[in-house]
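below is the sequence, then the predicted model.
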Amino acid sequence: MDLIELPGSELLRRVFTYSPSTEEIDLFDVSLKRDGKTLIAHFDLHDQLPDRPPEKWKNFNRCRLGIYCAAINKLKLYHWNPNNLVRLSIKKIEEHGYEVQFSSNQLEIEFRCQHISVIGPTVYLDE
C-alpha cells in the first residue's frame with residue numbers, strides 16, 4: 001500500500017507529484033505507548049524530496065515522515081541498530097486492519113494495527 005493512500009496523507013499529496021517509495025527508508029525512531037496501544041515511527045525518505053515544496057521549504061536535503069499506528073498487536077522487534085536502512089511494507093488485511101513491516105538484512109519489526117495514519121512530511125537540512 002502506498003503512503004499517499006493512507007489517512008493523514010493530504011500534505012504528502014500536496015508536496016509530491018508521485019507516491020514516495022518505501023523500498024528504502026532510514027528508520028529514525030520507534031516509540032511504543034501503552035495508552036491506546038500505539039506505535040509511532042519516524043523515518044527519512046532515501047534520496048527522495050518533495051518535487052513541489054512550498055516556498056518556505058527551500059534549501060533542504062532530507063524529508064522526514066512518520067506513521068501513527070493505533071490498536072497494535074502481534075508486535076515483533078529484532079535487532080535494533082544505530083543505522084536502520086529498511087524497507088517499509090504496509091498491507092491492508094481483513095476489513096479493519098493493517099499489517100506493517102520494517103525489514104532489512106538485520107532489522108525486523110512487524111505488527112498489526114487497526115488504524116494507521118501518516119505524520120508529516122517535514123523537511124530539514126542535514127549537513
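Yep, that arrived.

which residue of this structure lies farthest from its centroid?
No residue in the chain sits farther from the centre than Glu55, which is 24.2 Å out by Cα atoms, centre = their mean.

so for that residue, what's the pLDDT?
Here the pLDDT value assigned to Glu55 is 89.

ok, now how distant is it from Val15?
For Glu55, the distance to Val15 (Cβ to Cβ, to the nearest Å) stands at 12 Å. For glycine as for every other residue, the C-beta is placed from the backbone atoms N, C-alpha and C.

the residue nearest to Pro50 when sequence neighbours are not counted: neighbouring residues, count only.
When the adjacent residues along the chain are set aside, Pro50 lies closest to Val15, with 3.7 Å between them (Cβ to Cβ, 6 or more residues apart in numbering). Using other Cβ atoms under 10 Å as the criterion, Val15 is surrounded by 18 other residues.

for Val15, give me its contacts.
For Val15, the set of contacting residues under the criterion of Cβ atoms under 8 Å, 6 or more residues apart in numbering consists of 50-54, 57, 121.

among these, which ones are buried?
For the contacts of Val15, burial is judged from neighbour counts taken by 16 or more other Cβ atoms under 10 Å, and it is met by 50, 53, 57, 121.

which one of those residues sits closest to Gly36?
Within the set of those, Pro121 lies nearest Gly36; the separation is 23.5 Å, counting by Cβ to Cβ.

what segments of the chain are helices?
Across the chain, reading from the start of the chain, the helices by DSSP state H fall at 10-15.

that'll do, ta.
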